[in-house]
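[1] Provide a 3D model corresponding to the input given below.
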Amino acid sequence: MPTSGSIKNENSVRKIETQKKENKGCHENKDIALTVKAQTIDELHLLQKKKSAPTTPKGSEATLFSFSEDERSKQQLQSISASLASLTRESGPKVVKGDPDKRFEGRRVSHVSHHRITPTIAVSDSALKFTHVLYNLSPAELYEQAIKYEKGTFMTSTGALATLSGAKTGRSPRDKRVVKDHVTQNELWWGKGSPNIEMDEHSFMVNRERAVDYLNSLDKVFVNDQFLNWDPENRIKVRIVSTRAYHSLFMHNMCIRPTPEEVKNFGTPDFTIYNAGQFPCNRYTHYMTSSTSIDLNLTRKEMVILGTQYAGEMKKGLFSVMHYLMPKSQILSLHSGCNMGKDGDVALFFGLSGTGKTTLSTDHNRYLIGDDEHCWSDKGVSNIEGGCYAKCIDLSREKEPDIWNAIKFGTVLENVVFDEHIREVDYADKSVTENTRAAYPIEYIPNAKLPCVGPHPKNVILLACDAFGVLPPVSKLSLAQTMYHFISGYTALVAGTEQGIKEPQATFSACFGAAFIMLHPTQYAAMLAEKMQKQGATGWLVNTGWSGGSYGCGSRIKLAYTRKIIDAIHSGSLLNAEYKKTEIFGLEIPTEVEGVPSEILDPMNTWPDKNVYKETLLKLARLFKNNFETFTNYKIGKDNKLTEDILAAGPIF
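    Down below sits the predicted model:
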């Protein structure tokens, strides 16, 4: 075959001319090559990549065409630059789009000029440089960045991105701070039992300046503009500025991903995270107790992360923000799973670690609305997030097929151990941490309901793994009892789960998520009761723990029995059962549940020694009462009647 052209240099590509042939049918001509329109490798690479051309949404042509692409890009970069403004730079850095390592690929890159105000403090050298913004990159682009530049990042055999979170492999709740100012001092829950550890505005600004200076000193930063809350009327616009592709991909998965048109018209974010976790805080700054600090300023609508690269801090930090913002609009924020039946019946699942919340809310016969964070408004429920953050320790295809199959391209795997050659993950290996995690978009779950919204819940299910073995497998709760057990947030740790635990140990977490709530627990409980009463929802307490004795003597309630109980709740058949009341806790328990042995429904029947049962029941009741004393100083309802009703719904002895 004759050719034309020659190799001009090492980057040139041979230009191939093909002979014209007579048309002998499409099958004979389909493999004939055309001339390659490139003279160098770089030119060929430019041909390889097609520029995205987002479609125009109906009804918004005037809005979209009112700005040119250059003007729109300029506004976007100015917004990001303003987000990165500093005390020493009244405007932010000069930012340009794109990866600095691609600036020689032949593409024209222009920077944004700023109308700079003369600062009162001398401008630092870092303000005179360009910071490249890698904005809302796709998973494929983030894979390239992470694997190339972040040590300890690899692709696994299933296509997931395995990475390391550094020295911190979990959240640091003792290092979380909330600014106490003239706004929040009267709104938030402070003091004994509260997760809100205060800091002042000045200390926050010191940490913010340290984070922003660090981000501005880098050649490139990652920026995600995304949403929280699938309810379009109440969604929150969030901006995450981070230093690692891993963090950007994590938040791409966990937040709600905007369409290209929504990105174009994103505007100013409602809340901004500055994740400078690769850089420590100054331990001599007031209120600091370590080199790690996670700081929330609700008035400034900002969050600063220093000294930890654990991505879960961003997820849970935003959840705390939603726990503050949503109740202001009479929307209840919930740390719960949520699913919906084919007839539109919605159930909420509350439960601490080990209670079976993920397992029981994942049901192939029902649609998954979300696994962890939700809002309940006057219209119904909506998922706050756009993804799932599942535990991976001891994960197996048999036990959790949906999670297993979701670990594919686009999923982030944190701190897992894998074979260095074939890259298969060993989910049983705890060498790095027991808190191994997978973060993936919710659409990776086959029965996910998209969009992630649903009607008002019909059932509110509170899960407890009672290792004392005295709570019934299922109890129907009154509204006051639902509030009491919701505020208590009970489960039990067993021997072997944590170092030093030799017998069952009660654990209480207010609203089943004490680390993230911002207001007093009784405020969330009152909102829950109001919505349940208005919508006719029923509260249930389901024990997934022990029966016939405490841990070590009795046996754990079979998962098959618990599933039958949950099915009876979903179908409504359990509402029509005959009930009797237990002593001490005053719980209504059914005498029969289809598919469940009747003798286990009353826990006393399963204990060989009834006296030991009563002693253990009293012991747990005292633990409940002692825990609840933290909340009795907060008065709600007219004449404090609601508080009295909640207290009366607890154990009586």
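[2] Next, count neighbours for residue 87.
    Here the count is done by other Cβ atoms under 10 Å, and residue 87 has 14 residues near it. The way it works is simple: take the backbone N, C-alpha and C, and place the C-beta from them, glycine included.
[3] in what helix or strand does the closest residue to it other than its chain neighbours lie?
    Counting by Cβ to Cβ, 6 or more residues apart in numbering, residue 87 lies nearest to residue 209, which is 5.2 Å off, once chain neighbours are set aside. Residue 209 belongs to helix 201-217 when assigned by DSSP states H and E.
[4] What is that helix packed up against?
    Other helices and strands packing on helix 201-217, by 3 or more Cβ pairs under 8 Å, 6 or more residues apart in numbering; DSSP states H and E, are strand 176-179, strand 271-276, strand 293-297, strand 302-306.
[5] now the angle from it to strand 293-297?
    110 degrees (axes from the mean of the first three to the mean of the last three Cα atoms, to 10 degrees).
[6] wait, doesn't residue 377 sit right on residue 232?
    No: counting by Cβ atoms under 8 Å, no contact exists between residue 377 and residue 232, whose distance comes to 11.6 Å.
[7] Of those two, give the one with the bigger neighbour count.
    Shown here are residue 377 and residue 232; by other Cβ under 10 Å, residue 377 has more neighbours (19 against 10).
[8] sorry, back to before: pLDDT averaged over the helix or strand following the helix holding residue 209, what's the number?
    Remark: after helix 201-217, the chain's next helix or strand is strand 220-228, criterion DSSP H and E. The average pLDDT for strand 220-228 rounds to 98.
[9] can you give me the angle strand 220-228 makes with strand 271-276?
    Interaxial angle, strand 220-228 versus strand 271-276 (the same axes, to 10 degrees): 150 degrees.
[10] Could you dump the helices and strands packed on helix 201-217 into JSON lines with mean pLDDT, distance to residue 151 and mean neighbour count added?
    Below are the helices and strands packed on helix 201-217 laid out as JSON lines (pLDDT from 0 to 100; distance: least, Cβ to Cβ, whole Å; neighbours: other Cβ atoms under 10 Å):
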{"stretch": "strand 176-179", "mean pLDDT": "98", "distance to residue 151": "27", "mean neighbour count": "24"}
{"stretch": "strand 271-276", "mean pLDDT": "98", "distance to residue 151": "18", "mean neighbour count": "24"}
{"stretch": "strand 293-297", "mean pLDDT": "98", "distance to residue 151": "24", "mean neighbour count": "26"}
{"stretch": "strand 302-306", "mean pLDDT": "98", "distance to residue 151": "20", "mean neighbour count": "27"}
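[11] could you dump the ones you listed to CSV with distance to residue 282?
    Output for the helices and strands packed on helix 201-217, formatted as CSV (distance: least, Cβ to Cβ, whole Å):
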stretch, distance to residue 282
strand 176-179, 14
strand 271-276, 12
strand 293-297, 9
strand 302-306, 9
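[12] so where is the protein shaky, pLDDT-wise?
    1-38, 44-67, 103-128, 495-502, 635-642 (pLDDT under 70).
[13] Angles on the backbone of the spatially most central residue of it, please.
    Nearest to the geometric centre of the chain sits residue 315, at 4.3 Å (Cα atoms, centre = their mean). With angles defined as degrees, to the nearest 10, residue 315 sits at phi -60, psi -50.
[14] in the stretch 51-200 of the chain, which spans are strands?
    94-97, 130-135, 154-155, 161-163, 176-179, 198-199 (DSSP state E, counting those that start in this stretch).
[15] Out of these, which is the most enclosed?
    With neighbours defined as mean count of other Cβ atoms under 10 Å, those peak in mean count at strand 161-163, which reaches a mean of 25.
[16] ok, that strand: who's next to it in the sheet?
    Take DSSP bridges as the rule and strand 161-163 pairs in its sheet with strand 154-155 (antiparallel), strand 412-414 (parallel).
[17] ok, and what's touching that strand?
    Residues outside strand 161-163 that contact it (Cβ atoms under 8 Å, 6 or more residues apart in numbering) are 142-143, 146-147, 150, 152-156, 246, 249, 410-414, 416, 418, 423, 425.
[18] do that again at 6 Å, thanks
    143, 153-154, 156, 246, 412-413, 416 (Cβ atoms under 6 Å, 6 or more residues apart in numbering).
[19] Just the terminal-to-terminal distance for stretch 331-348.
    With Cα to Cα, to the nearest Å as the measure, stretch 331-348 spans 15 Å from end to end.
[20] tell me which residues in that stretch are buried?
    331-341, 345-348 (16 or more other Cβ atoms under 10 Å).
[21] For that stretch, give me every contacting residue.
    322-323, 326, 349-350, 357, 361, 363, 366-371, 374-377, 381, 454-455, 457-460, 512-513, 527, 570.
[22] returning to what we had before: need the strands paired with strand 161-163 in CSV with distance to residue 307, can you?
    Formatted as CSV, the strands paired with strand 161-163 follow (distance: least, Cβ to Cβ, whole Å):
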stretch, distance to residue 307
strand 154-155, 25
strand 412-414, 18
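[23] For residue 200, find the nearest of those strands.
    Among the strands paired with strand 161-163, the nearest to residue 200 by Cβ to Cβ is strand 412-414 (33.1 Å).
[24] List the neighbouring strands of whichever helix or strand comes after that closest one plus their orientation.
    For strand 412-414, the following helix or strand on the C-terminal side (DSSP H and E) is strand 417-418. Using DSSP bridges, the strands paired with strand 417-418 are strand 425-426 (antiparallel).
[25] Nearest to residue 91 among the helices and strands packed on helix 201-217 would be which one?
    Nearest of those to residue 91, taken as Cβ to Cβ: strand 271-276 at 15.9 Å.
[26] can you give me the angle the closest one makes with strand 302-306?
    Going by the same axes, to 10 degrees, strand 271-276 makes 10 degrees with strand 302-306.
[27] tally of neighbours for residue 288?
    Using other Cβ under 10 Å, residue 288 is surrounded by 22 other residues.
[28] same deal with residue 483?
    Neighbour number of residue 483 under other Cβ under 10 Å is 26.
[29] Disregarding residues adjacent in the polypeptide, which is nearest to it?
    Excluding its sequence neighbours, the residue lying closest to residue 483 (Cβ to Cβ, 6+ apart) is residue 525, at 4.2 Å.
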